[in-house]
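[1] Need coordinates for the following:
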Amino acid sequence: MSTHLTNALSLSRLTTPARPHKFVVRKEFLIYFIKSSFRTNIFKCEDFVSTMPIEVCAIGGYTKVGGNSIAVKVDDEVIILDMGLSMENYIHYSEDREDVKSKTYEELVKVEAVPDYSVIKDWKEKVKAIVPGHGHLDHIGAIPFAASLFPKAKIVCTPYTAEVIRTITSDEQIELPNKIISINLNSTYKVSDKITLEFVNITHSIPHASIVTIHTPYGKILYAIDYKLDMHPTLGGKPNLERLEELGEEGVILLIIECLYAQEHRKMPSEAVAKQMLKDVLHGVNSKDKVIVVTTFSSHIARLKSIIEMGQKLNRKIVFLGRSLAKYVEAAQRVGIVDFKNEIELIKHRDKMEKILHKIQKEKGKYLIVCTGHQGEPKAILARMVKKDFDFSLDDGDIVVFSCSVIPVEINKNNRDRLDEALKARNVRLFTDVHVSGHAAREDHRDMIEMVKPKHIIPAHAGATKAEMMRELAMQLGYKNTHILTDGKRIVVK
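    Coordinates of the predicted model:
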């Protein structure tokens, strides 16, 4: 015990009434002890800082895939990372995978389509910012419904992500109280004296994806959901590996990392591979006098760019059909990522679709159609074509390309099975899985962990089985502090 504390306690015994079994330190002597200790360097402020904890609460996407959201508390300030839809439940409820339609938070939380923020009700007044890592609906789709629960929190994200959020809220006439702040990739934003955000460029199947870094006095937190290490991207820059390595050297206290394909012992192939797969199909089959229909993710702007390039080399007129395609493409054009205006005809209203499809029916060999419906959604354009909702039919020898994988949830598998069978019944030429995922596989995760050298790891974006696979990988690399969370669970990291 220090001399200062001994003196303080001795004085307190002389000046306080005796009480059995109690030991009292008077306030003035405790203050004297602390001040004296700082003056004589018995301990310093940084000793307190190094022991301060960061608290994390998993809100969505930890018990099962989807509805991604996690809250990080630094002292008395909270950052919410992602605010996503649980797509399977949302599809059951709305029959739409790639669009957001106006609902209330209360009705969506009842069907478990949005994260349940009651698990952080004691943190509600502390939330300073809502920070999505990119613009996919399982990361931003709940923002129109749930952001207003935290009206003082700013929404801070990269430009394309911000534009998609603005487009969704504008289309659905939803007014948010939250200010949306757009930050360029590889740039920072100061939330408070204690918290600064950094958006490190990474590759994924949507523009302006980032690894969000939270700089705190107690260490850096990296949010690596979703990503892959694509060194040959077909749109946008390469992953900023140099900065990730620097962050690793500076000290990462926590890495929150997706584990969707943690079981796959490979490196995820580049988007350049998907482009070559498309070329092999579109340029490698006889399509004379036949319409070509391609369906893919509306937000996959790099893939859409490749499809346009293939169509142009075939001397085809390129027509984009569908509301969600218009939403994501127009957002990309507004922020200067692409300029498709002179290369495609973009149609989102039914009356105009009727007219163009009637025209295409007479001159099939002149057109390439890109449309919604890659997961077999009953209300999407491709399914409606098959049902002959338009004055247009897919016939013997017409070419239909699914530049996507089937997202492995029951409703998608069933919808796609029905759609594929209907297409086969029409004797079309069907090409499926012309696709490369935008998610990291096990060897990408190995590289990420070794780059950033985290003290703690939290696997995300999958259930317990894949999280255990991530824990196993981390253990192989010598990282023992892997925490498997479920929705609603909290953990302190320090």
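[2] mind checking how far the nearest residue to D230 once chain neighbours are set aside is from I301?
    Nearest residue to D230 in three dimensions, chain neighbours excluded: T203, at 3.8 Å (CB to CB, 6 or more residues apart in numbering). For glycine as for every other residue, the C-beta is placed from the backbone atoms N, C-alpha and C. Distance, T203 to I301, using CB to CB, to the nearest Å: 13 Å.
[3] what do you get for E249?
    Taking CB to CB, one finds E249 at 33 Å from I301.
[4] Likewise for Y367?
    From Y367 to I301 the distance is 21 Å (CB to CB).
[5] Comparing the two, which residue is more hemmed in?
    I301 (25 against 21; other CB atoms under 10 Å).
[6] where exactly do the helices run in the stretch 51-200 of the chain?
    87-94, 105-110, 137-140, 143-146, 159-171 (DSSP state H, counting those that start in this stretch).
[7] Just tell me which of those helices ends up closest to M451.
    helix 137-140 (22.4 Å; CB to CB).
[8] picking up where we left off before, Throw the helices of the stretch 51-200 of the chain into TSV and include distance to G322, mean pLDDT and mean neighbour count, thanks.
    TSV is the format used below for the helices of the stretch 51-200 of the chain (distance: least, CB to CB, whole Å; pLDDT from 0 to 100; neighbours: other CB atoms under 10 Å):
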stretch	distance to G322	mean pLDDT	mean neighbour count
helix 87-94	16	81	20
helix 105-110	23	93	15
helix 137-140	15	96	26
helix 143-146	20	96	26
helix 159-171	13	96	22
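[9] Could you dump those helices into JSON lines and include distance to Q276?
    Converted to JSON lines, the helices of the stretch 51-200 of the chain look like this (distance: least, CB to CB, whole Å):
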{"stretch": "helix 87-94", "distance to Q276": "29"}
{"stretch": "helix 105-110", "distance to Q276": "40"}
{"stretch": "helix 137-140", "distance to Q276": "28"}
{"stretch": "helix 143-146", "distance to Q276": "36"}
{"stretch": "helix 159-171", "distance to Q276": "25"}
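[10] Those: which one's closest to D76?
    Of these, nearest to D76 by CB to CB is helix 143-146, at 21.8 Å.
[11] what's the closest one in contact with?
    Applying CB atoms under 8 Å, 6 or more residues apart in numbering, the contact partners of helix 143-146 are 83, 100, 102-105, 108, 114-115, 117, 130, 132, 155, 165, 168-169, 172, 174, 176.
[12] Which PyMOL command selects the buried ones in these?
    The following PyMOL line selects those of the contacts of helix 143-146 that are buried, judged by 16 or more other CB atoms under 10 Å:
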select buried, resi 83+100+103+105+108+114+115+117+130+132+155+165+168+169+174+176
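[13] Next step: the contacts of helix 143-146 restricted to strands.
    Using DSSP state E, I130, I155 are the members of the contacts of helix 143-146 that sit in strands.
[14] mind listing the strands for the stretch 251-400 of the chain?
    According to DSSP state E, counting those that start in this stretch, the stretch 251-400 of the chain carries its strands in the segments 252-258, 292-295, 317-321, 345-347, 367-371, 399-402.
[15] for the helices of the stretch 51-200 of the chain, which one sits closest to A462?
    Per CB to CB, nearest to A462 of the helices of the stretch 51-200 of the chain: helix 137-140, 12.1 Å.
[16] The closest one packs against which elements?
    The elements that helix 137-140 packs onto, with contact taken as 3 or more CB pairs under 8 Å, 6 or more residues apart in numbering; DSSP states H and E, are helix 87-94, helix 159-171.
[17] Export those helices as JSON lines, with columns for distance to L244.
    Putting these into JSON lines (distance: least, CB to CB, whole Å) gives the following:
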{"stretch": "helix 87-94", "distance to L244": "28"}
{"stretch": "helix 159-171", "distance to L244": "20"}
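[18] Just tell me which of the ones you listed ends up closest to E363.
    helix 159-171 (32.2 Å).
[19] what does that closest one rub up against?
    By CB under 8 Å, 6+ apart, helix 159-171 touches 100, 132-135, 140, 143-144, 155, 157, 174-176, 180-184, 206-208, 299, 327-328, 330-332, 334-335, 337.
[20] Please apply the same query to stretch 393-404.
    274, 278, 281-282, 285, 287, 290-297, 303, 307, 361, 364, 374-375, 382, 385-386, 423, 426-435.
[21] Between its first and last residues, how far does it reach?
    23 Å (CA to CA, to the nearest Å).
[22] Identify each buried residue in it, please.
    Buried, per 16+ other CB under 10 Å, within stretch 393-404: L394, G397, D398, I399, V400, V401, F402, S403, C404.
[23] Just the pLDDT for the fifth one.
    The score at V400 is 98. That number is its pLDDT.
[24] Can you tell me how far it is from S287?
    From V400 to S287 the distance is 11 Å (CB to CB).
[25] Repeat that for the third one.
    The gap separating D398 from S287 is 9 Å, by CB to CB.
[26] Tell me where the stretch 251-400 of the chain has helices.
    271-282, 301-313, 323-334, 350-362, 381-386.
[27] Nearest to M470, out of the helices and strands packed on helix 137-140?
    Here helix 87-94 is closest among the helices and strands packed on helix 137-140 (CB to CB), at 21.7 Å.
[28] Show me what the closest one is packed up against.
    Using 3+ CB pairs under 8 Å, 6+ apart: helix 87-94 touches helix 137-140, helix 410-425.
[29] tell me the most buried of the ones you listed?
    Mean neighbour count (mean count of other CB atoms under 10 Å) peaks for helix 137-140 among those, with a mean of 26.
[30] Extract the C-alpha trace of that helix and format it as PDB.
    Coordinates of each C-alpha in helix 137-140 appear next as PDB, following Å, rounded to 0.1, in the frame of the first residue of the first chain:
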ATOM      1  CA  LEU A 137     -30.700  -4.400 -47.900                       C
ATOM      2  CA  ASP A 138     -29.600  -6.800 -45.200                       C
ATOM      3  CA  HIS A 139     -27.300  -4.000 -44.000                       C
ATOM      4  CA  ILE A 140     -29.400  -0.800 -44.700                       C
END
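[31] Cool, thanks, signing off.
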